[in-house]
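*Asks:* My questions concern the predicted model and sequence given below.
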Amino acid sequence: KQWYQRRVAITAGTGVDAPAGGKPAPKPAAPAVSGNATKDEIKAAVDKLLALKKQYKDLTGVDAPAGGKPAPKPAAPAVSGNADAILTQIGEQGTVVRNLKSQKATKDEIKAAVDKLLALKKQYKDLTGVDAPAGGKPAPKPAAPAVSGNADAILTQIGEQGNVVRNLK
C-alpha cells in the first residue's frame, strides 16, 4: 500500500508514471535541431565553414585557429650581443668538457669544467629567460607560415561563419 501511494505521488507531481525498480528513466534525446533552422541549413553552414578552414590550411600550411582568430604570439626573449657571446662560450666550454672526458681526465678536472659550463648556462638563462640551446648554438627557428592579407580575410570569414553556425544551432 505504501509503495502504491508513493507511485501515485510521483505520478501526480511529474505527470509521468514512476519508473520500474525505482531507477529514473533515461532522459529523452534532445532534438537534433533546436530553434528554427533545419538540418539541411545547419549542414550547409557547417560545410561552408569547413571549406573556409580547408582554404586557410591550403594557403598557410597550418590549421585555422579556434574562433577564426590568430593565437597571440608569445613575446620573444630579448637576446643581446652579450647573450650571443655567452652562447659561444657555452659551445666552447662544452667542447672542453667533451675533450676532458674523452682524454680520461681526472674527476676534479672534469667537475671544474662542468661547473663552469653550468655557470655559463645559468648566466644565459638569467639574461634571456630561456634555457641555453644544446651545443651552445641557437636552435633553428621554424619557418613561420606566410600569412598574407588573404589569409587574414579568410580568418575573418571563418569567425563570421562560425557565428552563423552557432546561431543556427
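*Replies:* Good, I have the coordinates. Numbering: from 1, shown residues only.
*Asks:* can you list the weak-confidence ranges in the protein?
*Replies:* 1, 7, 9-35, 67-81, 135-149 (pLDDT under 70).
*Asks:* mind listing the strands in it by residue range?
*Replies:* Secondary structure of the chain by DSSP state E: no strands are present.
*Asks:* the helices in it, which residues?
*Replies:* 2-14, 39-60, 81-102, 107-128, 149-168 (DSSP state H).
*Asks:* Make CSV from the ones you listed and add mean neighbour count and distance to A134 to it.
*Replies:* C-beta coordinates here come from the backbone N, C-alpha and C atoms, glycine included. Listed next are the helices of the chain as CSV, based on neighbours: other CB atoms under 10 Å; distance: least, CB to CB, whole Å:
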stretch, mean neighbour count, distance to A134
helix 2-14, 10, 67
helix 39-60, 15, 29
helix 81-102, 15, 9
helix 107-128, 15, 11
helix 149-168, 16, 33
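*Asks:* A66 is nearest to which of those helices?
*Replies:* helix 149-168 (8.9 Å; CB to CB).
*Asks:* Put together a markdown table for the helices of the chain, with distance to A66 on each row.
*Replies:* What follows is these, written out as a markdown table (distance: least, CB to CB, whole Å):
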| stretch | distance to A66 |
| --- | --- |
| helix 2-14 | 41 |
| helix 39-60 | 11 |
| helix 81-102 | 34 |
| helix 107-128 | 30 |
| helix 149-168 | 9 |
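*Asks:* Restricting to C-alpha, output stretch 52-62 in CSV.
*Replies:* Extracted C-alpha coordinates of stretch 52-62, given in CSV (Å, rounded to 0.1, in the frame of the first residue of the first chain):
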residue,chain,number,x,y,z
LEU,A,52,36.9,28.1,-45.4
LYS,A,53,39.1,26.2,-42.9
LYS,A,54,40.5,24.0,-45.7
GLN,A,55,41.2,27.0,-47.8
TYR,A,56,43.1,28.6,-44.9
LYS,A,57,45.1,25.5,-44.3
ASP,A,58,46.0,25.2,-48.0
LEU,A,59,47.1,28.8,-48.0
THR,A,60,49.1,28.8,-44.8
GLY,A,61,50.0,25.2,-44.2
VAL,A,62,48.5,25.3,-40.6
